[in-house]
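Asker: just the structure for this:
(one chain, ligands or ions: 1)
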Amino acid sequence: MLHVLAGGEADLLVLLFPQLAGLVLESVGDCGDGVRITARTGTASLACRGCGTVTARVHERYWRCPADLGCGGRPVRLDLEVRRFRCAVPGCPVKTFAGQVPGLTAWYQRQSVQLRGLLEKVALALAGRAGSRLAAALGADVSRLTLIRLIRALPDPVHGPVTVLGVDDIAKRKGHSYATVLMDMDTHELIDMLPDREAGTFADWLRAHPGTEVICRDRGGPYAAAAREAAPAAVQVADRFHLWQNLAGAVEKTVVAVLAELNPPPGPQDPQPSPEPAAPAPVPGPPAEPDGFRDASGRPRRVVARHRERYAQVQALRAQGCTITEIAARLQLSPRTTARFARAGSIGELLVKATSRASILDQFKPCLGQRWNDGIHAAAVLHQEIRGQGWTGSLLTVERYLRQFRTADGRDRAARAQPQHTAPDTPRSRPRQVTRQIMTRPDHLDPAGAADLASLLQASPRLAAAAAHVRSFAAIMTSRQGLLYLEDWLTQLETDDQPQLHSFARGIRRDQDAVTAGLALPYSSGPLEGRNCKTKHIKRLMYGRANFDLLRKMALLN
Ligand SMILES: [Zn+2]
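Answerer: Residues are numbered from 1 along each chain as shown. All right, here's what the predicted structure looks like:
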């Protein structure tokens, strides 16, 4: 099936396969599973790779069959006749040697240089299985393991000394094991990934790579300790992203406490808001909006009862002098949950938090209400409809929501029209919503949000004071005036009655030099956080199962 090439045909073939220029092309043909090109090297003499003496003594001829870039989606194989030369210099350690075709073959490789370059790119973009499928479509038949071997064989990128270093952790398995990511904050290039987030590992790296002048880190202790130990001359900068995140956490705690004060939850013995039995009201009104503590039918939610019971048990045992571990064992709770119940100042705090989660059904509620009012009351039908709009939850959740529109006597009520922006406005996501309003620049708030926040701040002077602290912190942060104003800000906060914000202030005091630097220097760990997003994407591309060394290569080389 091979077609022997005549005079001009070889030139034509070189147009399609420029990497073959310089070879003597002999034939081309279909070998059933792809295209085969036969060629030989025209080298008449070659320099010995041991002593460099040029020799023309041919020892033998043999065939090499590297795979080359596919053509028209079909694999291409070269049958290449190469010569092995013999070195005649007495005492030279090399007896025989074969030449490589520059730009086409390399030692010990069964793919041409071009094909290998392409496969490396495919492997870095898609890793094993997906890469193998794409390569097959491109006419290169490689297994997923070959692609992974190609990634592992790639050399690490080379970097000079790093002046401004960013360091952060990233989850290998969330909640279980973490790695450390290092970035050059001047060039925004990923420098290295370390297998854990221990101080010792980072300190070893710093000692092996001297020259760092500024270290941008999160507020975590181990990186600070490592930097103090291994690079004492470097300026440590606590990054603003984590500072702001921690402040938001402290503000949310304040909001939870304030909301619990403003709206004390109904007691367990409170009479339920039931319609007056004597009143002649045959047409039932619209159902009460669930306030977080009661469900759509006005019954106390199970989570509320469970929280009350647990809180009472934990506090009683605590009063008897039991430790957290003992209480956890006796009530069969996790130590973390037990500690949360033991620490809480009041049941109100716990309940506001527990009932504040937004429902995943929120965004579909306007549509469900609309369709209900159109006369479609079958839960299965409505479930099917919102599935078409992206709902992935169960039929049971939809049924439970619709129950509030069905009355005990079998007649159906009208669904109350829901505002379009239901999710942020439901009472259940209230603490988070208020926190977001406080943490947003006032001129970026929409008018409704601004009015909502203003009325809440008027109702609670304590929350108003907390919001004022947040605004002055934001002003210091955005104008980089930490050196001038941070100390004053802290002093003012510490004299104010803000127990939740005080723990944030204590955190800053422990790390004040780095925080001041973070509020004064232009470095930000934004690029590092962005890069971590990309690394997490790579991790998921490999189904989250890649070994650390592979993840590291993929992250550094992508
Ligand atoms: Zn030699």
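Asker: apart from its neighbours in sequence, what residue is nearest Ser346?
Answerer: Distances taken as C-beta to C-beta, 6 or more residues apart in numbering place Ala260 nearest to Ser346, at 6.3 Å, with adjacent residues excluded. For the C-beta atoms, the positions are set from N, CA and C on the backbone; glycine is no exception.
Asker: which residues touch the one you found?
Answerer: Ser346, Gly348, Glu349, Leu351, Val352 (C-beta atoms under 8 Å, 6 or more residues apart in numbering).
Asker: nearest to Val4 among the residues you listed?
Answerer: Val352 (85.4 Å; C-beta to C-beta).
Asker: run through who's touching stretch 512-532.
Answerer: 164, 166-168, 170, 181, 183, 185, 188, 190, 214, 216-218, 224, 235-243, 476-477, 480-483, 486, 490, 508.
Asker: may I see the buried residues of that stretch?
Answerer: 514-521, 523-525, 527-529, 531-532 (16 or more other C-beta atoms under 10 Å).
Asker: one more: stretch 118-136?
Answerer: 118-120, 122-124, 126-128, 130-132, 134-135.
Asker: could I get those as a markdown table with secondary structure and distance to the ion?
Answerer: Listed next are the buried residues of stretch 118-136 as a markdown table, based on DSSP: H, G, I helix; E, B strand; the rest coil; distance: C-beta to the ion, whole Å:
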| residue | secondary structure | distance to the ion |
| --- | --- | --- |
| Leu118 | helix | 35 |
| Leu119 | helix | 34 |
| Glu120 | helix | 33 |
| Val122 | helix | 39 |
| Ala123 | helix | 37 |
| Leu124 | helix | 39 |
| Leu126 | helix | 44 |
| Ala127 | coil | 43 |
| Gly128 | helix | 42 |
| Ala130 | helix | 47 |
| Gly131 | helix | 41 |
| Ser132 | helix | 42 |
| Leu134 | helix | 44 |
| Ala135 | helix | 39 |
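Asker: let me have those in CSV, extended by pLDDT and distance to Leu80.
Answerer: As requested, those are exported to CSV (pLDDT from 0 to 100; distance: C-beta to C-beta, whole Å):
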residue, pLDDT, distance to Leu80
Leu118, 90, 19
Leu119, 90, 19
Glu120, 90, 22
Val122, 90, 24
Ala123, 88, 25
Leu124, 87, 28
Leu126, 85, 30
Ala127, 81, 31
Gly128, 81, 29
Ala130, 86, 31
Gly131, 88, 26
Ser132, 89, 26
Leu134, 90, 27
Ala135, 87, 22
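Asker: got a list of what the residue of the stretch 351-500 of the chain found nearest the ion touches?
Answerer: Here the stretch 351-500 of the chain gets closest to the ion at one residue, Arg480, 65.3 Å apart by C-beta to the ion. Applying C-beta under 8 Å, 6+ apart, we find Arg480 in contact with Leu519, Ala520, Leu521, Pro522.
Asker: please redo it, this time with the cut-off set to 7 Å
Answerer: For Arg480, the contacting residues are Leu519, Ala520, Pro522, by C-beta atoms under 7 Å, 6 or more residues apart in numbering.
Asker: closest to the ion out of those residues?
Answerer: The shortest approach to the ion among those belongs to Pro522, at 58.7 Å (C-beta to the ion).
Asker: distance of that closest one from Leu247?
Answerer: Separation of Pro522 from Leu247 (C-beta to C-beta, to the nearest Å) stands at 20 Å.
Asker: so who does Leu126 touch?
Answerer: Here Leu126 is in contact with Leu134, Leu541 (criterion: C-beta under 7 Å, 6+ apart).
Asker: show me what stretch 224-234 is in contact with.
Answerer: Outside stretch 224-234, the residues that reach it (C-beta under 7 Å, 6+ apart) are 199, 202-203, 206-207, 212-215, 217, 236, 511, 514.
Asker: scratch that, stretch 188-199 is what I was asking about
Answerer: Residues contacting stretch 188-199 (C-beta under 7 Å, 6+ apart): 159, 162, 169, 178-184, 201-202, 205, 222, 225-226, 527, 531, 548, 552, 555-556.
Asker: can you flag the buried ones in those?
Answerer: 162, 169, 178-184, 201-202, 205, 222, 226, 527, 531, 552, 555-556.
Asker: now, those that are in helices?
Answerer: Within these, residues falling in helices by DSSP state H are Thr201, Phe202, Trp205, Pro222, Ala226, Pro527, Arg531, Arg552, Ala555, Leu556.
Asker: element containing the residue lying closest to the last one once chain neighbours are set aside?
Answerer: If I follow you right, that is Leu556. Distances taken as C-beta to C-beta, 6+ apart put Leu190 closest to Leu556, at 5.5 Å, once the chain neighbours are dropped. According to DSSP states H and E, Leu190 maps onto strand 189-194.
Asker: please apply the same query to Pro90.
Answerer: Per DSSP H and E, there is no helix or strand for Pro90.
Asker: and it, how many neighbours?
Answerer: When neighbours are defined as other C-beta atoms under 10 Å, Pro90 has 5 of them.
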